[in-house]
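Any chance you can model this:
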Amino acid sequence: MNEIEFVDVVIIGAGFAGLSAANYLSSKSVKCVVIEGRSRVGGRTLSKKVCDNQCTIDLGGQWISPNQERILSIVKELKFELIEQTWHHQNPNYLGENIGLKPLNSIQLKQVLEINFQWDKMALELSSVEEAFQYEKSCLWSIISVEKFLDDHPLCEDFRVKQELKLEILTLTGLFSFSFSFSYLNLFLKSV
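Next up, the predicted model:
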């Protein structure tokens, strides 16, 4: 007969929060166990190969701002490498040029930011995620893909702008812009 081992704390989920809790509790000699439903740890912190496996993007917790001191201390402790987003860094080594991305010029950057502002504004038009399909524009938004929205948008005539926005959508949602509706994007933005 197997012996039952008792623990002080059971942590549900081996995402970043669960693993951080286990690390902290273990450092205080608290006996804990982490239970995870997936076959991997990391939760939403997941990287995926794209562009015919030429580059890797993060599909979950991919952004850290300078004022997030706790996460930055963990990054430093674990010796992780941080890469700045293409539209926030002037050093070409960080601009994805190894996969064919050229730096955004000031006009392109302004267009990307304007479209992001428009998306945020549209998402705010929804009173709530639960009542999203009662909104009059939801029917129209649900029949066009995000890619179609980008194809038809006057600020996306520049290929590099469209490319940057598609990469942004992929990193935010984990989905390609042709594979989901504009309504879904608004629901996603409303929920985050």
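
would you list every one of the strands in this protein?
Using DSSP state E, the strands found in the chain span residues 9-12, 32-35, 47-50, 55-58.

Considering those strands, which stretch scores lowest in mean pLDDT?
Mean pLDDT is lowest for strand 55-58 out of the strands of the chain, coming in at a mean of 67.

Endpoints of stretch 135-145, how far apart?
For stretch 135-145, the separation between the terminal residues is 18 Å (C-alpha to C-alpha, to the nearest Å).

Can you tell me what sits against that stretch?
122, 125-127, 132-133, 177-184, 186 (C-beta atoms under 8 Å, 6 or more residues apart in numbering). Just so you know, the C-beta spots here come from the backbone N, C-alpha and C atoms, and that holds for glycine as well.

Who wins on neighbours among these?
Of all these, Asn186 has the most neighbours under the rule other C-beta atoms under 10 Å, reaching 25 neighbours.

Mind pulling the model confidence for the residue lying closest to that residue once chain neighbours are set aside?
With sequence-adjacent residues excluded and distances taken as C-beta to C-beta, 6 or more residues apart in numbering, Asn186 is closest to Ala123, at 4.8 Å. For Ala123, the model assigns a pLDDT of 80.

tally of neighbours for Ala123?
Ala123 - counted by other C-beta under 10 Å - has 18 other residues nearby.

And it, how close does it get to Lys137?
Taking C-beta to C-beta, to the nearest Å as the measure, Ala123 falls 11 Å from Lys137.

same question, Leu82
Applying C-beta to C-beta to Leu82 and Lys137 gives a distance of 38 Å.

can you check Leu175 too?
In terms of C-beta to C-beta, Leu175 sits 21 Å off from Lys137.

And Ile64, by the same measure?
34 Å.

Okay, now the unreliable bits of the protein?
For the chain, the stretches flagged by pLDDT under 70 are 1-4, 50-51, 54-63, 65-66, 83-101, 129-133, 190-192.

Can you tell me the centre-most residue of it?
Leu172 (3.3 Å; C-alpha atoms, centre = their mean).

Skip the chain neighbours and tell me the closest residue to that one.
Nearest non-adjacent residue to Leu172 (C-beta to C-beta, 6+ apart): Phe188, at 7.2 Å.

My guess is the one you found contacts Thr173. True?
Yes: applying C-beta atoms under 8 Å as the test, Phe188 and Thr173 come out as touching, 5.8 Å apart.
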